[in-house]
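Chemist: Compute the structure for the input listed below.
(chains A, B, C and D)
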Amino acid sequence: MNLRLTNKQINIIEKANPFLIVSTIVAFTFGLYFSLLQSPPDYIQGDSMRIMYIHVPSAWFALMAYTILAGSSVLWFITRNPIFSIIARSIAQIGMIFTLISLVTGSIWGKPTWGVWWVWDARLTSMLLLFFLYLAYIFLWQSITNKDLASKISAALAIVGFVNIPIIKFSVDWWNTLHQPATISKLSSPSIDISMMVPLFIMTLATFLFLITVFFIRLRIEILDNKILRIREVK
Amino acid sequence: MNELKIKDLTCYRGDNLVLKDLNTKLKSGDSLVIRGSNGSGKTTLLRVLSNFIKLYNGKILFNDHNVLEDANYRNCFNFVGQKNCLKDNLSVKNNLKLWEIIYQKNISYSKLLEDFNISHLMERDVASLSDGQKKCISLLRLNFTESKIWYLDEPFVFLDEANSQILIQKIKNFNTNNGIVIITSNINLQNTFTNEIKI
Amino acid sequence: MNELISMGGYAPFIWSAYGFFFITIIILFITNFLRLKKREEVLNKINNNRD
Amino acid sequence: MFALLKRDLYLALYSSSSFFYTSSFFILILIILPFLFGTNDVQLQVLFKGIIWIGLSLSILLTMERIFNADYEDGNLDVIIQRYPSLETIIISKYITHWVVYCLPLFIILPILSFLFYVSLDNFFLIFLNLFFGSLGMVFIVTFVSALTLGAKRTIFLKAIIVIPLFIPFLIFGTNLGSWPILLALSMMSFVLSMYVSAYGLRLYVE
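Modeler: Numbers count the residues shown, from 1 in each chain, chains lettered A, B, ... in the order given. Have a look, this model is predicted:
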């Protein structure tokens, strides 16, 4: 497989790593300082809403990762450039982990807020299904031994899954209006105070930097795999 | 007279180049043995010739028509691969019946089985047969079409001496009836078929 | 300091959520980093053998 | 087209027990109900609506390897594609066979089952319509998943993980009586998707 990356791009990917790790750590330090110490507690939820600063970025990036996964699968079909297949499968694992984090932290946040660890709320249920969409993608990729074929097949599955997301969302919303008991108080914060925006923003940035760090490491793994394959072929 | 021409055939599987610039020409009555070590692309070649795998470069011409564009070509050949196309849980007779429906051709089963002297297997379940017997039955599929070309992938594997001779005789008969045969093989068939290429 | 640890009575929730978050992402980072190191070793070995 | 369909149906007929397998499977799944939840008739009616969908999903899911895998592994798929080069024909024939063999038995025994579970006639028709349109869409879905996973190692669990999230919308609307138009729409959508994806998968694996 020819990666079709220029030397310059490979150079950037290889050199960026220490810089990215340092800036991730710095961003998380600032983020933790602001989210745990500097920001005031919520007037309804008290300190428990500090979980938001890790929950919300993970949920955002879980969704963003699936968009990238589906988008690069589509681009892969159009251009047949293997880099898109690599992007897709690199982002899948990261996306799955962030979906897991957002589910777990959401559940931990739910306990003090709603009194239960889990509610069958439309958003939570869709997120749970998203986790299984990621899982299906990764399992399918792993279970096909011919990797060239696997990238074609799992790209098709990623797109099917993406088509399925609005349908799942629609049906789960509809199901939820039928079954939802009215007693559960929703998180009512359409307008977030500026003092909460700052830590949220920093934590989002830090999470994003982390995501890019891991993503670049995965790209380097792929580049090295490719190199090793080349050398073995020449032999 | 039919003629099969292979011109500069090149084929990739994934990123591996398996066939490179293969050229050959076969006329009615010719048979060709393709030899090569495991993984050298023999099966790939037959699957390319059967239009299952796209070729990267080159042309396959049947009677000077490119086989990719010739809709009639698929009725002109029969491909017997290493998979035996048999349903394990059904009897031999029912398996033949399924082929009959696919090929839309009525045929006398008992006569067919006589070819390999296996008439007694008619009612047996395929699962209870030996590999050699399964191979014999899978080769019977050749009788279901009026094909002009046979592609046989490792047909002698599992066959005993007597059945191998019967198969060789069948191939020779087909040749005298103007058929073209391409066989892949691990073993040396130089004594029976002179025309041989190595890949 | 005590205030930070007790978190207005929500300590178990907040610390477990933050703990889970950081442990998970650190594991994600380390596993991928180790995989990268393994590849680099393999590559070095191959290069040395060739020389 | 008809030759293929005839072949697939004959294949099912020769292993004729499959008809009885599925219907017995449904009946047994439903018989479990009173044992688990008691014989209160109102409760049973509610549970019946849900469990029948579990029965349908399982019987479609557990038999999905027979759609393409069996023919792919023994080589028959090559023969079929050589004789009938239009993949769409093959796929449609598979839809029909799979539905007839693994869903039709359910509809035959459905009246008896609804009688056993005290379902009123009006509700019976609504359940019937829901199941009918739902089962069509579910067959379309398993067909394309089975085409996609042809080369994957034989794992029904992998297939289940892929298929069940795709089934969820059907199950949600299926258990709600009277939403058959939505199920019809979902089925039509999955038909279009399934045609493309199955043909794509088959083409890749035959290559």
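
Chemist: Next, see if stretch D:146-162 gets close to chain B.
Modeler: No - in terms of Cβ under 8 Å from any Cβ of the partner chain, no part of stretch D:146-162 sits within range of chain B; the closest distance is 12.9 Å. Just so you know, the C-beta spots here come from the backbone N, C-alpha and C atoms, and that holds for glycine as well.

Chemist: So which bits of that stretch are buried?
Modeler: Neighbour counts over stretch D:146-162 (16 or more other Cβ atoms under 10 Å in any protein chain shown) mark D:Ser146, D:Ala147, D:Leu148, D:Thr149, D:Leu150, D:Gly151, D:Ala152, D:Leu158, D:Lys159, D:Ala160, D:Ile161, D:Ile162 as buried.

Chemist: Name the SS class of the fifth one, please.
Modeler: The one in question is D:Leu150. Here D:Leu150 is recorded as coil under DSSP: H, G, I helix; E, B strand; the rest coil.

Chemist: got a list of what it touches?
Modeler: D:Phe68, D:Asn69, D:Tyr72, D:Gly201, D:Leu202, D:Tyr205 (Cβ atoms under 8 Å, 6 or more residues apart in numbering or on different chains).

Chemist: switch to 10 Å and redo it
Modeler: The neighbours of D:Leu150, taking Cβ atoms under 10 Å, 6 or more residues apart in numbering or on different chains as the test, are A:144, A:149, A:153, D:65, D:67-69, D:71-73, D:77, D:201-202, D:204-206.

Chemist: Apart from its chain neighbours, what residue comes closest to it?
Modeler: Spatial nearest neighbour of D:Leu150, chain neighbours left out: D:Tyr205 (4.5 Å); criterion: Cβ to Cβ, 6 or more residues apart in numbering or on different chains.

Chemist: Likewise for the last one?
Modeler: Counting by Cβ to Cβ, 6+ apart, A:Ala136 is the residue found nearest to D:Ile162 once chain neighbours are left out, at 4.3 Å.

Chemist: Which strands or helices does the helix or strand hosting that neighbour pack on?
Modeler: Assigned by DSSP states H and E, A:Ala136 belongs to helix A:122-143. Judged by 3 or more Cβ pairs under 10 Å, 6 or more residues apart in numbering or on different chains; DSSP states H and E, helix A:122-143 is in contact with helix A:52-79, helix A:82-114, helix A:147-179, helix D:121-148, helix D:156-174.

Chemist: Need those helices in JSON lines (columns: mean pLDDT).
Modeler: Formatted as JSON lines, those follow (pLDDT from 0 to 100):
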{"stretch": "helix A:52-79", "mean pLDDT": "92"}
{"stretch": "helix A:82-114", "mean pLDDT": "90"}
{"stretch": "helix A:147-179", "mean pLDDT": "86"}
{"stretch": "helix D:121-148", "mean pLDDT": "93"}
{"stretch": "helix D:156-174", "mean pLDDT": "91"}
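
Chemist: The longest helix seen in chain A and chain B, any residue contact?
Modeler: As assigned by DSSP state H, the longest helix anywhere in chain A is helix A:194-234. Yes - using Cβ under 10 Å from any Cβ of the partner chain, helix A:194-234 comes into contact with chain B via A:Leu229, A:Arg230, A:Glu233.

Chemist: List only buried entries from those.
Modeler: Buried among the residues of helix A:194-234 next to chain B (16+ other Cβ under 10 Å): none of them.

Chemist: Based on its surroundings, how many neighbours for residue 145?
Modeler: Let's take chain A. Per other Cβ atoms under 10 Å in any protein chain shown, the neighbour tally for A:Thr145 reads 10.

Chemist: wait, I meant chain D there
Modeler: D:Val145 - counted by other Cβ under 10 Å - has 26 other residues nearby.
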